[in-house]
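Novice: Curious how this folds, go ahead:
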Amino acid sequence: MPTTTTITKGQRAGIYELVRNHLAFAEDVDLLADIGWRPDEERESFELTMPVHDLAELLNRLHDEAERMPARSCSSTSTRGEAIQSEFRQDKETAPPRRAGRPGTHLHAKAQR
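Specialist: Next up is the predicted model:
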């Protein structure tokens, strides 16, 4: 059954920052098509059409790439990065347990209607 994933405006901001800084794969372009190409979007929620498994892999890759980036001297950049990582950590800590046999994601998936 196809599913979509809904994220909040705050989650979108963090994902947008990561994918914009690490744009390298077709999946990155697909994700930007769902969340918008502009830095500021009016919507309060965003439907992601990428399969949950692919989305989880993409977010893991972006997270790994972000962790490998050298620290920048600009305090606003480091503060923004810390805020993004904190939000992902909080979502991960409050996520429901993963189902056996399927990779999970800290985002909430819902059946498409």
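Novice: pull the helix or strand with minimum mean pLDDT from the chain.
Specialist: The element with the least model confidence among the helices and strands of the chain, by mean pLDDT, DSSP states H and E, is strand 108-111, at a mean of 43.
Novice: ranges for the strands of the chain?
Specialist: For the chain, strands defined by DSSP state E occupy the ranges 3-8, 45-48, 108-111.
Novice: Walk me through which strands the longest one pairs with, and which way each runs.
Specialist: Within its sheet, and counting by DSSP bridges, strand 3-8 is paired with strand 45-48 (antiparallel), strand 108-111 (antiparallel).
Novice: Please identify the buried residues of it?
Specialist: By neighbour count, with 16 or more other Cβ atoms under 10 Å as the criterion, the buried positions of strand 3-8 are 4, 5, 7, 8. (Each C-beta comes from the backbone N, C-alpha and C, glycine too.)
Novice: show me what contacts residue 27?
Specialist: The neighbours of residue 27, taking Cβ atoms under 8 Å, 6 or more residues apart in numbering as the test, are 50, 54, 58.
Novice: one more time with 10 Å
Specialist: Residue 27 makes contact with 19, 50, 54, 55, 57, 58, 61, 62 under the criterion Cβ atoms under 10 Å, 6 or more residues apart in numbering.
Novice: Buried only: go through the residues you listed for me.
Specialist: Looks like the contacts of residue 27 have 19, 50, 55, 58, 61, 62 buried, using 16+ other Cβ under 10 Å.
Novice: Make CSV from these and add pLDDT to it.
Specialist: Converted to CSV, these look like this (pLDDT from 0 to 100):
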residue, pLDDT
19, 92
50, 92
55, 92
58, 94
61, 93
62, 89
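Novice: Let's see which of those end up in helices.
Specialist: Using DSSP state H to define helices, the subset of the buried ones among the contacts of residue 27 located there is 19, 55, 58, 61, 62.
Novice: Now distance to residue 32 too, for those, in TSV please.
Specialist: As requested, these are exported to TSV (distance: Cβ to Cβ, whole Å):
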residue	distance to residue 32
19	6
55	13
58	11
61	15
62	12
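Novice: Quick one: neighbours of the residue nearest to residue 15 when sequence neighbours are not counted, just the number.
Specialist: In space, residue 15 comes closest to residue 35 once its chain neighbours are excluded; the distance is 6.4 Å by Cβ to Cβ, 6 or more residues apart in numbering. Residue 35: 20 surrounding residues under other Cβ atoms under 10 Å.
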